[in-house]
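S.K.: Fold the following for me, if possible:
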Amino acid sequence: MGIIGYLISLIIVGLVIGGLGRLIVPGPNPIGLVGTIGIGLAGSIVGAIIGSIIGLGALSIVPELAVSAGLVYTIGKSNRRQLTR
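M.R.: Below you'll find the predicted structure:
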């Protein structure tokens, strides 16, 4: 799998984890597709690191989703404030 395949898989993982993170947080989330992918990538990287430190193995998806949901909440909250001003 070349670099193009690797980048495509990163985008897909970011979109899935970011989308699940958006589903966890209730209410409207004014974050676009690129933001969702970015949040998903950040959440999956940080969550995987936390999961490997703790030793969760395949269950490292739990901290990945928790980090993604936290980022969605934080970024969505700041975007909502900017929209209401």
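S.K.: contacts and neighbour counts: CA atoms only from here.
M.R.: Fine.
S.K.: tell me the average confidence for the longest helix along the chain?
M.R.: Secondary structure assigned by DSSP state H gives helix 61-84 as the longest helix of the chain. For helix 61-84, mean pLDDT is 80.
S.K.: and that helix, how far out from the chain's middle?
M.R.: Relative to its chain's centre, helix 61-84 lies at 9 Å (CA atoms, centre = their mean, to the nearest Å).
S.K.: measure the residue positioned nearest the centre of the chain to S78 for me?
M.R.: Centroid-nearest residue in the chain: G40, 2.3 Å away (criterion: CA atoms, centre = their mean). Between G40 and S78 the distance is 18 Å, computed by CA to CA, to the nearest Å.
S.K.: how many other residues sit next to the closest residue to L20 other than its chain neighbours?
M.R.: Distances taken as CA to CA, 6 or more residues apart in numbering place L65 nearest to L20, at 7.0 Å, with adjacent residues excluded. By the criterion of other CA atoms under 10 Å, L65 has 24 neighbours.
S.K.: How about G5?
M.R.: G5 has 10 neighbouring residues, counting by other CA under 10 Å.
S.K.: Let me know the helix or strand that it is in.
M.R.: Per DSSP states H and E, G5 falls inside helix 3-24.
S.K.: Can you give me the buried ones in that helix?
M.R.: Residues of helix 3-24 classed as buried: 10-11, 13-22, 24 (neighbour count, 16 or more other CA atoms under 10 Å).
S.K.: Distance to G51 and pLDDT added to these, as TSV?
M.R.: Shown next, in TSV, are the buried residues of helix 3-24 (distance: CA to CA, whole Å; pLDDT from 0 to 100):
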residue	distance to G51	pLDDT
L10	18	78
I11	21	82
V13	16	85
G14	17	85
L15	20	88
V16	18	89
I17	15	88
G18	17	86
G19	20	87
L20	18	88
G21	17	86
R22	20	86
I24	19	87
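S.K.: about what we covered before: you'd agree the residue nearest to the centre of the chain is up against L15?
M.R.: Yes. Taking contacts as CA atoms under 8 Å, G40 lies within contact range of L15: 5.9 Å.
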